[in-house]
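S.K.: Sequence below, structure please.
(one chain, ligands or ions: 3)
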Amino acid sequence: GVVAKAPPSPSPLRNSKFFQSNMRILVTGGAGFIGSHLVDKLMENEKNEVIVADNFFTGSKNNLEKWIGHPRFELIRHDVTEPLLVEVDQIYHLACPASPIFYKYNPVKTIKTNVIGTLNMLGLAKRVGARILLTSTSEVYGDPLEHPQKEEYWGNVNPIGVRSCYDEGKRVAETLMFDYHRQHGIEIRIARIFNTYGPRMNIDDGRVVSNFIAQALRGEALTVQSPGTQTRSFCFVSDMVDGLIRLMEGECTGPINIGNPGEFTMMELAETVKELINQKVELKLVENTPDDPRQRKPDVTKAKTLLGWEPNISLLHGLPLMEEDFRQRLGLPKKA
Ligand code: NAD
Ligand code: UDP
Ligand code: UDP
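M.R.: Numbering: from 1, shown residues only. Ligands and ions are numbered 1, 2, ... in the order given. Model prediction:
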């Protein structure tokens, strides 16, 4: 006859009345830039218990300093390319370096993180019945031939270039998410994140906003990679975190674009940073890296209609908030 499989046994504490309405949430990559802001927001809700799993490749314990030792918080040094056994209700799967200099540093590791890491987190979601959200990227659109980018666009990605470990890695991660959803009924959410900036970015992260702000504060020339007419759209991190939580809590699987549709050329960005932070610095045109997307701007109609989400903080408001944070960390005086 058919042997009924015993359901996975949750820990006795989690069955107790006290914990019944609590939500235990795993955040992979939670020691990183976006992850640590997400953890801050999740911890504000006293019903949430948060577990962070991070290998500290680009993230740091400092980003989570205020939660270490908190009874509802736990930090695990863990590499997502290895299996992970925890009992959770939700998984925010962010683990993956996001800055080109870091994801290109060990491209094979980047692919493993995206593919094996996502597979492991899906296996975990399947075993415990958790809902899982993947932070995918606008890079899945590659060097886009449609502008602005809608979720229906399949992208224009070089499969063998130096960025492929990241963008093709994320594309496979999205495929895995949908296959686990269709084959195993896992509840999935996919966010396609567009360029995000804000306090706590690594000062030498290599991404454009952190580079320009650090250069302006240090009185160095701003390195605009040629031709300087390429565009990006920058979302402030608190808006991003708000969008991710809405997506997790809502009913739509995605993929859904989350980003700020304000579009700037890198030359405009450099001029804005110069104007705001240090009018004495020069702009210097330097060589670009291969396969740099020429334009990028999200169509956020879906996020607006399905999640009721829209970004609130414009670049002109967000840059000074980041400047303050960089001044502190660089040991510079507060702005007069
Ligand atoms: P980040 O580099 O600051 O954070 C990534 C975190 O993941 C770090 O704490 C790092 O130590 C950790 N990590 C990396 N590899 C790991 C592994 N194998 N095992 C465990 N932990 C690992 O980057 P971020 O900007 O906070 O990005 C977070 C997520 O958002 C990433 O998945 C990224 O692809 C995505 N995203 C970010 C942006 C952006 O502009 N910041 C844009 C698109 C997508
Ligand atoms: N996995 C994990 N934690 C779990 C359950 C699974 O890390 O709690 C990993 C597991 O090691 C495997 C992957 O997730 O490599 C996919 O698991 P799944 O059960 O879907 O596939 P299988 O183990 O059958 O290959
Ligand atoms: N960029 C630049 N100067 C820098 C770093 C980057 O002009 O010091 C440009 C880069 O060529 C790209 C854009 O800024 O067109 C965004 O690059 P970033 O690495 O921040 O993120 P990406 O969107 O490429 O992942």
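
S.K.: contacts, neighbours, all on C-alpha from now
M.R.: Will do.

S.K.: Next, count neighbours for residue 156.
M.R.: 15 (other C-alpha atoms under 10 Å).

S.K.: My error: substitute residue 99 in the last question.
M.R.: Neighbours around residue 99, by other C-alpha under 10 Å: 16.

S.K.: Same question for the one 5 residues further on.
M.R.: Neighbouring residues of residue 104 were enumerated by other C-alpha under 10 Å; the total is 18.

S.K.: do residue 76 as well
M.R.: Residue 76, neighbours per other C-alpha under 10 Å, totals 12.

S.K.: That one - that's part of a strand, no?
M.R.: Yes. Counting by DSSP: H, G, I helix; E, B strand; the rest coil, residue 76 is found in a strand.

S.K.: Quick check: which element contains the nearest residue to it once chain neighbours are set aside?
M.R.: Excluding the flanking residues, the one nearest residue 76 by C-alpha to C-alpha, 6 or more residues apart in numbering is residue 53, at 4.8 Å. Residue 53 is part of strand 48-54, with elements assigned from DSSP states H and E.

S.K.: helices or strands next to whichever strand or helix holds residue 275 in the packing?
M.R.: For residue 275, the element it lies in under DSSP H and E is helix 266-277. Contacts defined by 3 or more C-alpha pairs under 8 Å, 6 or more residues apart in numbering; DSSP states H and E place helix 266-277 against helix 208-218, strand 222-225, helix 315-329.

S.K.: show me what contacts the residue nearest to residue 76?
M.R.: Going by C-alpha atoms under 8 Å, 6 or more residues apart in numbering, residue 53 touches 26, 27, 28, 29, 30, 75, 76, 77, 78, 79, 80.

S.K.: hmm, back to that, buried ones in the helix holding residue 275, by neighbour count?
M.R.: 266, 267, 269, 270, 271, 272, 273, 274, 277 (16 or more other C-alpha atoms under 10 Å).

S.K.: Stretch 200-212 too?
M.R.: In stretch 200-212, counting by 16+ other C-alpha under 10 Å, buried: 200, 201, 202, 203, 205, 207, 208, 209, 210, 211, 212.

S.K.: can I get the residues you listed in CSV with distance to ligand 2 and pLDDT?
M.R.: Listed next are the buried residues of stretch 200-212 as CSV, based on distance: C-alpha to the nearest ligand atom, whole Å; pLDDT from 0 to 100:
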residue, distance to ligand 2, pLDDT
200, 29, 96
201, 29, 96
202, 29, 94
203, 32, 93
205, 29, 90
207, 31, 95
208, 34, 97
209, 35, 97
210, 34, 97
211, 36, 97
212, 39, 98
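
S.K.: Nearest to residue 255 among those?
M.R.: Residue 255 lies nearest to residue 207 out of the buried residues of stretch 200-212, by C-alpha to C-alpha, at 24.2 Å.

S.K.: thought that closest one was touching residue 100?
M.R.: Yes. Using C-alpha atoms under 8 Å, residue 207 makes contact with residue 100 at a distance of 7.4 Å.

S.K.: in terms of contact, does residue 213 touch residue 325 like I think?
M.R.: No. Residue 213 lies out of contact with residue 325 (C-alpha under 8 Å); the separation is 10.4 Å.

S.K.: Who has more neighbours out of those two?
M.R.: Neighbour tally, residue 213 and residue 325, criterion other C-alpha under 10 Å: the higher count belongs to residue 213, 26 against 17.

S.K.: Leaving aside the residues adjacent along the chain, what's closest to the one residue in the stretch 201-336 of the chain that gets nearest to ligand 1?
M.R.: Relative to ligand 1, the nearest point of the stretch 201-336 of the chain is residue 201 (6.5 Å; C-alpha to the nearest ligand atom). The spatial neighbour of residue 201 that comes closest, neighbours along the chain excluded (C-alpha to C-alpha, 6+ apart), is residue 33 at 5.4 Å.

S.K.: what residues are up against that neighbour?
M.R.: Contacts of residue 33 by C-alpha under 8 Å, 6+ apart are 59, 63, 200, 201, 202.

S.K.: In the stretch 1-150 of the chain, what residue lies closest to ligand 3?
M.R.: residue 100 (5.5 Å).

S.K.: residue contacts, the closest residue to residue 42 other than its chain neighbours?
M.R.: Closest residue in space to residue 42, ignoring its immediate chain neighbours: residue 48 at 6.5 Å, by C-alpha to C-alpha, 6+ apart. For residue 48, the contacting residues are 22, 23, 24, 25, 42, 72, by C-alpha under 8 Å, 6+ apart.

S.K.: now the strands for the stretch 51-200 of the chain?
M.R.: With strands called from DSSP state E, counting those that start in this stretch, the stretch 51-200 of the chain shows them at 73-77, 90-93, 131-137, 188-193, 196-197.

S.K.: Check what contacts the longest one and list those residues.
M.R.: Residues outside strand 131-137 that contact it (C-alpha under 8 Å, 6+ apart) are 89-94, 121-122, 125, 167, 170-171, 173-174, 177, 186-194, 248.

S.K.: What about ligand 1: which of those touch it?
M.R.: 94, 193, 194 (C-alpha under 6 Å from any ligand atom).

S.K.: Export these to JSON lines and append columns for pLDDT, distance to ligand 2 and neighbour count.
M.R.: Shown next, in JSON lines, are these (pLDDT from 0 to 100; distance: C-alpha to the nearest ligand atom, whole Å; neighbours: other C-alpha atoms under 10 Å):
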{"residue": "94", "pLDDT": "98", "distance to ligand 2": "15", "neighbour count": "23"}
{"residue": "193", "pLDDT": "98", "distance to ligand 2": "24", "neighbour count": "24"}
{"residue": "194", "pLDDT": "97", "distance to ligand 2": "28", "neighbour count": "23"}
